[in-house]
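S.K.: quick check, what structure comes out for this input:
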Amino acid sequence: MKPSVFVTRAIPEAGLARVREVCDVDLWPGEMPPPYEELVAHTRGKDGLLCLLTDRIDAALMDAGLPTLKVISQMAVGYDNIQAAEAHKRGIALGNTPGVLTEATADLAFALLLASARRIVEGVDYIRQGQWVTWHPTTLLGGDLSGATLGIIGLGRIGQAVVRRASGFNMRIIAHSPRANPADAATQGVELLSMDDLLRRADYISLHVPLNASTRHLIGARELSLMKDGATLINTTRGPVVDQAALVAALQTGRIRAALDVTDPEPLPADHPLMSLPNAIVVPHIGSASRWARDQMALMAAENLIAGVTGQPLPTAVRP
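M.R.: Here you go, the predicted structure:
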């Protein structure tokens, strides 16, 4: 008899087909995430769970899945929606999908940087609102990248991929990353600084840290006040890394700019103040949304799930 698994929403077919080769699949049919009560109900009696970052995976849900639940496979690199310690405590294997979304997410971070610097979204709105009546030498002046300073907070895989892109634009690169090796950073042309020094010096600041207790509201009112006039904050990690109320207040002064792939909450209500600020760009959490990256994420999640339900080590396991 095949192992029985619950997949919380339709993932790219490459991954779903692989799961179906090995498992009996209970697939949530809706476009929206399953309500928590449905998550619990569908996890009962299953050998494995393949979930997304929109699903709340807590101790109570895990207990509902025991004693059969062997593995939780998340189709994302971050797993702040999962009580990982509770899974490990119960002997439930936990997997994620690191690595394959690095380049796609770095591409988007740099696209947001460029869009904000050159005021691309404002330019589109300018035309759509019928304001383009002639060429003028001072219309929509933006920032230069060559010679500008990019501050990267978090020099993991994605942060380093952004370094490679910025180097091609002749940017000065500074970073704050406590675990980074200074010699390795120097080889990449990166100067390591304290957080405060980075905030004071950078023209553009890109966030690349996981969301956990120590990084929640890492960027708050104090940190925003240290940013240079005209500097831009780019966030492609998780919304709660930034104190969003403090960010709105800072943006409303017109002193800084922001370009966000992630918000708190998600989705962001259409009438949220961020949506009407000309110095803010907001896109709907599409950092890994390239066809190749999402296919690879789905396949990795499938292989983690299959390994877990067949008693094999997970290819990309989250360790205790």
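S.K.: Provide a list of residues in contact with the closest residue to I219 other than its chain neighbours.
M.R.: Excluding the flanking residues, the one nearest I219 by C-beta to C-beta, 6 or more residues apart in numbering is V242, at 4.5 Å. C-beta here means a position set from N, CA and C on the backbone, and glycine is covered the same way. By C-beta atoms under 8 Å, 6 or more residues apart in numbering, the contact list for V242 reads 207, 217-220, 233, 235, 260, 264.
S.K.: ok, 10 Å please
M.R.: With contact set as C-beta atoms under 10 Å, 6 or more residues apart in numbering, V242 has these partners: 207, 215-220, 223-224, 233, 235, 258, 260, 262-264.
S.K.: how close does it sit to A250?
M.R.: Note on V242: its distance to A250, by C-beta to C-beta, to the nearest Å, is 10 Å.
S.K.: pLDDT score for L39?
M.R.: What the model reports as pLDDT for L39 is 98.
S.K.: ok, it - contacts?
M.R.: 6, 8, 28, 33, 49, 51, 55-58, 61, 64-65.
S.K.: how about the strands of the stretch 151-300 of the chain, start to end?
M.R.: Applying DSSP state E, counting those that start in this stretch to the stretch 151-300 of the chain gives strands spanning 172-176, 190-192, 204-207, 232-235, 257-260, 280-282.
S.K.: L314 is nearest to which of the ones you listed?
M.R.: Nearest to L314, of all these, is strand 204-207, at 28.0 Å by C-beta to C-beta.
S.K.: top helix in the protein by residue count?
M.R.: Longest helix in the chain by number of residues (criterion: DSSP state H): helix 291-309.
S.K.: and that helix, which residues are buried?
M.R.: 293-309 (16 or more other C-beta atoms under 10 Å).
S.K.: helices and strands around it, which ones?
M.R.: On a contact count with 3 or more C-beta pairs under 10 Å, 6 or more residues apart in numbering; DSSP states H and E, helix 291-309 meets strand 4-7, helix 13-22, strand 48-51, strand 71-74, strand 93-95, helix 102-117.
S.K.: export these to JSON lines and tack on mean pLDDT, mean neighbour count and distance to A166?
M.R.: Below are these laid out as JSON lines (pLDDT from 0 to 100; neighbours: other C-beta atoms under 10 Å; distance: least, C-beta to C-beta, whole Å):
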{"stretch": "strand 4-7", "mean pLDDT": "98", "mean neighbour count": "24", "distance to A166": "38"}
{"stretch": "helix 13-22", "mean pLDDT": "98", "mean neighbour count": "17", "distance to A166": "32"}
{"stretch": "strand 48-51", "mean pLDDT": "98", "mean neighbour count": "30", "distance to A166": "34"}
{"stretch": "strand 71-74", "mean pLDDT": "98", "mean neighbour count": "29", "distance to A166": "30"}
{"stretch": "strand 93-95", "mean pLDDT": "98", "mean neighbour count": "24", "distance to A166": "32"}
{"stretch": "helix 102-117", "mean pLDDT": "98", "mean neighbour count": "22", "distance to A166": "7"}
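S.K.: got CSV for those, with distance to L198 too?
M.R.: Shown next, in CSV, are these (distance: least, C-beta to C-beta, whole Å):
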stretch, distance to L198
strand 4-7, 41
helix 13-22, 38
strand 48-51, 35
strand 71-74, 31
strand 93-95, 33
helix 102-117, 15
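S.K.: mind checking which of those is nearest L268?
M.R.: Across those, closest to L268 is helix 102-117 (C-beta to C-beta), at 15.3 Å.
S.K.: packing partners for that closest one?
M.R.: helix 120-128, strand 149-153, helix 157-168, strand 204-207, strand 232-235, strand 257-260, strand 280-282, helix 291-309.
S.K.: minimum distance to V40: which of these has it?
M.R.: Taking C-beta to C-beta, helix 291-309 is the member of these nearest to V40, at 18.6 Å.
S.K.: show me the contact partners of the worst-scoring helix or strand of the chain on mean pLDDT.
M.R.: Scoring the helices and strands of the chain by mean pLDDT, DSSP states H and E places helix 182-187 at the bottom, with a mean of 92. By C-beta under 10 Å, 6+ apart, the surrounding residues in contact with helix 182-187 are 152, 155, 160, 163, 173-175, 177, 181, 190-192.
S.K.: does P3 touch K46 like I think?
M.R.: Yes: using C-beta atoms under 10 Å, P3 is in contact with K46, at 8.4 Å.
S.K.: who touches both of those two?
M.R.: Common contact partners of P3 and K46 (C-beta under 10 Å, 6+ apart): 23-24, 68, 70-71, 309.
S.K.: out of the contacts of V242, who's nearest Y79?
M.R.: Among the contacts of V242, and counting by C-beta to C-beta, the member closest to Y79 is T215, at 13.8 Å.
S.K.: excluding covalently adjacent residues, which one is nearest to the closest one?
M.R.: Of all residues not flanking T215 in the chain, V209 sits nearest, at 4.8 Å (C-beta to C-beta, 6+ apart).
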